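In: sharing a sequence plus its predicted fold:
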Amino acid sequence: MIGKFCSEKMFSSEKINVGRQVDLDLAKGFSIIFMVFVHCLLFAETFSASYSPLYYHAINDFLGGPMCAPLFMFCMGVGIAYSRRSQSDIMIKRGISLLFLGILVDFGEFVMAHFLCGYLLNDWTLFPIYGGLVMFTVDILEFAALSFIVFGIFKKFNISNRQMILFALVLSVIGSFVRMLSFDSNLYNLLFGYLVGTQLHFTTFPFFNWFIFPVIGYVWGQYFIRAYKDKFFKYWPVFFIIPLIYFYFSMSAPGAFLVDDAHYYYMTTIDAFFCLIYIHGAMGFFYTISDKLPQKVKDIAATLSRHINEIYIAQWFLIPLFIIVIVYLVKGIVFNDLSVTIVSIVVLILSTLLAMGNRKIAKMRSH
């Protein structure tokens, strides 16, 4: 299929964008930065917060919302397209390891928060653990785990790109209609939540609704690696601006995907379509600015990109610890734009340092 486009000078017949790509590093760095920011903002809001409308909507509804998590998952698919370790068995093993890491994250995000609140603030109800079921909540790493396992199965049976896209599209359509489910049993809410949207305290990234992002990222990556980027991203401003308009009106339109968390996390196929358009525009933006940025900024983006999973894990231990201890020490604190920004920056820096340290220790042990 790529060969059909080579004559139009948009794609090379050879792989030309190999090695580290600054635009991909910037995209992944952007994703993890604003994941940390939105998680700090929402966690602090659990206690007492007074944010300006501009700050809250910018972080929650744009930078840390549809401009962030879909891009993160899309880049995961691009990474699979680039990876030399994408054999079926390796992918499945990677998925299983991510599942255990997801459980570790849930421990920090929910269980640790529950006990910190209980012992320090004498409030055992703020972060319910539902008999330990929250240890298996479907967060982004559980979703990534399922995605890697399914990609491993695709590889084993030589599923074509077209079949992958069709499969992901069918799942997305099903997820668009089978959502907001509520069972009498919390266990059922959790188990079905791995696939479709049930209850937010058990699932935020159901597989059916979100799998389209790594699949399109995987296929997109196969074109990107051969693309003449000036041509490939020629119309990036159009791809960037149109979805932002859609996002803006989705904040207030009845039933739209940014009116509340449930509609966002259990997004429809149409919502995903606009997110994918935005992602291509965002990648074009990152490519456009990549030559204009200081080398130090590129180095930081590369560091964040290389350690993105470890940073994600570390932040969910630091956020509950920092914010709950602050609430305990500073009686009556009301988090605002400045204070939550400071907390976010500190958490991001410490998470990155912990991630880098963990990687160094792992290398030393391997030798």
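Out: Perfect, thanks for sending it.

In: burial measure for the closest residue to Gly197 other than its chain neighbours, as a count.
Out: Leaving aside its chain neighbours, Gly197 sits nearest to Tyr266 (3.1 Å; criterion: Cβ to Cβ, 6 or more residues apart in numbering). In this view, the C-beta of every residue, glycine as well, is placed from N, C-alpha and C. Tyr266 is flanked by 26 other residues according to other Cβ atoms under 10 Å.

In: for the stretch 1-150 of the chain, just list every one of the helices.
Out: 2-6, 22-45, 53-56, 69-82, 88-106, 113-121, 140-156 (DSSP state H, counting those that start in this stretch).

In: thought Ile311 was touching Leu304?
Out: Yes: applying Cβ atoms under 8 Å, one finds Ile311 in contact with Leu304, separated by 6.7 Å.

In: the more surrounded of these two?
Out: Ile311 (26 against 22).

In: residue contacts, that one?
Out: Counting by Cβ atoms under 8 Å, 6 or more residues apart in numbering, Ile311 makes contact with 32, 36, 304, 348, 351-352, 355.

In: checking my notes, Lys234 in a helix, right?
Out: No: assigned with DSSP: H, G, I helix; E, B strand; the rest coil, Lys234 falls outside any helix and is coil.

In: phi and psi next, for it.
Out: phi -60, psi -40 (degrees, to the nearest 10).

In: go on, His307?
Out: phi -110, psi 20.

In: any buried residues in the one helix or strand Ser339 maps to, and which?
Out: Taking DSSP states H and E as the definition, Ser339 sits inside helix 337-366. For helix 337-366, the neighbour count (16 or more other Cβ atoms under 10 Å) marks 337, 339-341, 343-344, 347-348, 350-352, 354-355 as buried.

In: follow-up on the earlier one: shared neighbours, Ile311 and Leu304?
Out: 32, 352.

In: which other helices and strands does the helix holding Ser339 contact?
Out: Contact analysis of helix 337-366 by 3 or more Cβ pairs under 8 Å, 6 or more residues apart in numbering; DSSP states H and E lists helix 22-45, helix 295-306, helix 308-329 as its packing neighbours.

In: if we go to 10 Å?
Out: helix 22-45, helix 53-56, helix 295-306, helix 308-329 (3 or more Cβ pairs under 10 Å, 6 or more residues apart in numbering; DSSP states H and E).

In: for Tyr223, which of those is the nearest?
Out: Nearest of the helices and strands packed on helix 337-366 to Tyr223, taken as Cβ to Cβ: helix 22-45 at 13.6 Å.
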